[in-house]
Each structure stands twice: as C-alpha cells, then as structure tokens.
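**Q** build me a structure from this.
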Amino acid sequence: MLRAAFISLSESKSLRSAAEKTWIGQRLSRRFVAGTTIDDALAATQAMNKLGLSVSVDNLGENVTNADEARHSAQLYHQMLDQIQAKKLNANVSLKLTHMGLDVDESMAYEIASGVVQHAARIDNFVRIDMEGSPYTQRTLDFVHRLHRQPENAGHVGAVIQAYLFRSEKDVEALLAEGIRIRLCKGAYKESPEISFEKKADSDANYVKLMKLLLKSGVYHGIATHDENMIRATIDFAQKEKIAASAFEFQMLHGVRRDLQLKLVKEGWRCRVYIPFGTEWYPYLMRRLAERPANAIFILKNLFR
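**A** Alright, predicted model coming up:
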C-alpha cells in the first residue's frame, strides 16, 4: 500500500509544486539528490571517489515538452562528460530518453541521445539509458540496440532492465546477444498485474534469476539493489561460480545505505553510486521511496540531525 501511495504522489503536480517550495521538502531531497547544479554533482562525485566508490551522474528530468528543453538537457550532459574527463573522475552518466525529447520528436531524440553517446565514446566513457514506465520500454530498448550497433558506440551505451516486468527475461537475452551492458533493478513505476509481478517474493525470485544470467554472460553489468538478501544472493552466486569481483558491480542510490556501500567496497566488491542533480527532484524522490518505503521513516528520523 505504501509503495502504491508513493507512486501516486510522484504523479501529483500540485503536491510537487508545494514540496519544491517548502523548506522541509528541500531538506528531504538532500538525502537523495546532490544539488541543483553540475558543480554540486561534481563535488558529490569527488567525495564518493575518495571513498572508493564509482559514480553514475543523472541530470534529473523527464518528459520535456519542446526541442529547446531537450537540447538544453543534452548540453548539460556534454558539459558533465567534459568535466568528468578534465577532473579525471571515476564516473559515467545516466539519462532518460523523454528528457532528450522522445515525446516531442523521436528522430530528434535519437539524434540528441546519439550525440551524447558519441561524446562518451570519444573520451572512453559510458552512457546508461535509464528505463521509464512500461509505455516506453520497447522504444527505449530499440534506441539502445540501435545506438550500440554503431561501431564507435559499442561498449559505451547500456540499458536498464526492471525485474518486476514479465518481459524482462526475453529483453535480457536480446541485450546479451549483442553484448550490451545492463543495470538490473527491481522497478519503480506503477504497472498493471497483466505485465508485472505483484508479489515481492515473485519479483525477488525473478531478480535473482536475471542476476545469474547477467553474471554468467561475461559482460560487465550493474546489480542495482539495496536489498541485502539480493546482495547476498549475488555474492554467494559469484563465489560459487568463481566469478571475479571485477567482473560486475553493485549499484546503489546516493544517500541510501551508505554504510552498506562502504562495507561492500571494504570487502573487495565494486560499488557505483547513482548521483542525481537538478531542480526536478520531487518525482525522483517519490519513486525512490516507493522502491523502499522504509526510507521515509529513515529520512524523517534524521531530518533534524
């Protein structure tokens, strides 16, 4: 029930407007969001790198309404990639296709996203194309396949798979057939029971099944979870199958289970922190709380500390 409530809150324009203007809302966002500017994101990235954590930076935003907004969004990514290279940071970037104008003009969105991926490839970096709700799943995967098939982009662009969707196993198989890197997550959008697992146990079982496919593939993937049961299942499988710690990475969100992030690194596992920045933090925050409602209690307990 809490998960459904947070997803509904993420879609409320009135609550979003109110939250973004309040002191409490802004304070809450700092637990998960690095700040509103590129400099904020770079500072957070440097701090994580010093702790032995790699980073994926995301300029928050989605569903832009015109070409100018889409091109402005992409320009921030070009600036970020240049700064990552100049400062020699251990970081890559993540983006959403609706932030690149997918809802405005699909051809334009491909051109814009392609430019960012080509930039990353030139400097030997990487772009993760984030997954959105199910109406965008096939189009997003089509974009990733098309981008990856450009010879200069191979190995420099990857996808996200949401384990709670019934279709995900076939999508994983198609991506692996082309050697495309995957971030495996549980999923944070409200989906119908016709296309997704409703029970947590079923979703978790599918997550473990897909994780095993990824680790055995020989391609470098990201296992994105804060669930200690999923992390333990991944470590146990890697050790059983003699899969090197350098063959994959765990991925976690900025501000969530920092203790666990550092513990994994200390034990010799790789961990990447997903660091978002920008003014459009409200929908992002609500979806993160939907993924793990216990985060709401954690934040409230620490709000005034």
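
**Q** only C-alpha atoms for contact and neighbour calcs from this point on.
**A** Will do.

**Q** His78 in helix, strand or coil?
**A** Counting by DSSP: H, G, I helix; E, B strand; the rest coil, the backbone at His78 sits in helix.

**Q** which ones are touching the closest residue to it other than its chain neighbours?
**A** Nearest residue to His78 in three dimensions, chain neighbours excluded: Val116, at 6.4 Å (C-alpha to C-alpha, 6 or more residues apart in numbering). Residues counted as contacts of Val116 (C-alpha atoms under 8 Å, 6 or more residues apart in numbering) are Ala74, Tyr77, His78, Val127.

**Q** just put the residues you listed in CSV and tack on pLDDT, distance to Met211 and neighbour count.
**A** Formatted as CSV, the contacts of Val116 follow (pLDDT from 0 to 100; distance: C-alpha to C-alpha, whole Å; neighbours: other C-alpha atoms under 10 Å):
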residue, pLDDT, distance to Met211, neighbour count
Ala74, 96, 31, 22
Tyr77, 97, 29, 25
His78, 98, 32, 18
Val127, 98, 21, 26
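
**Q** list the residues that contact Pro276.
**A** Pro276 sits in contact with Phe32, Val33, Ala34, Gly35, Ala41, Val57, Asp58, Asn59, Leu60, His254, where contact means C-alpha under 8 Å, 6+ apart.

**Q** from those residues, which land in strands?
**A** Taking DSSP state E as the definition of strands, the contacts of Pro276 contribute Val57, Asp58, Asn59.

**Q** circling back: quickly name whichever of the contacts of Pro276 is closest to Ser94.
**A** Within the contacts of Pro276, proximity to Ser94 (C-alpha to C-alpha) peaks at Asp58, which comes in at 4.9 Å.

**Q** for that closest one, give the beta-bridge partners.
**A** Beta-bridge partners recorded for Asp58 (DSSP bridges): Ser94, Pro276.

**Q** tell me, how many residues neighbour Ser114?
**A** Residues near Ser114, counting by other C-alpha atoms under 10 Å, number 20.

**Q** distance of the closest residue to it other than its chain neighbours from Arg270?
**A** Nearest non-adjacent residue to Ser114, counting by C-alpha to C-alpha, 6+ apart: Leu147, 6.6 Å away. Distance of Leu147 to Arg270, computed by C-alpha to C-alpha, to the nearest Å: 27 Å.

**Q** got it, and Ala41?
**A** 21 Å.

**Q** next, Glu249: phi, psi?
**A** Note on Glu249: backbone dihedrals following degrees, to the nearest 10 are phi -140, psi 150.

**Q** show me what contacts Ala67?
**A** With C-alpha under 8 Å, 6+ apart, Ala67 has these contacts: Gly101, Val104, Met108.

**Q** between the residues you listed, identify the one with the most neighbours.
**A** Counting by other C-alpha under 10 Å, top hit in the contacts of Ala67: Gly101 with 29 neighbours.

**Q** how close does the residue nearest to His78 sit to Val157?
**A** For Val116, the distance to Val157 - C-alpha to C-alpha - is 10 Å.

**Q** now the common contact residues for those two.
**A** Contacts common to Val116 and Val157, judged by C-alpha under 8 Å, 6+ apart, are Val127.

**Q** buried sites along the helix or strand that contains Lys209?
**A** Following DSSP states H and E, one finds Lys209 within helix 200-215. By 16 or more other C-alpha atoms under 10 Å, the buried positions in helix 200-215 come out as Ser203, Asp204, Asn206, Tyr207, Val208, Leu210, Met211, Lys212, Leu214, Leu215.

**Q** count of neighbours near Arg232?
**A** 11.

**Q** cool, and Tyr136?
**A** 15.

**Q** with the one 4 residues further on instead?
**A** Other residues within reach of Thr140 by the criterion other C-alpha under 10 Å amount to 22.

**Q** that one is in what secondary structure piece?
**A** helix 137-148.

**Q** same for that helix, what does it pack against?
**A** helix 106-122, strand 157-162 (3 or more C-alpha pairs under 8 Å, 6 or more residues apart in numbering; DSSP states H and E).
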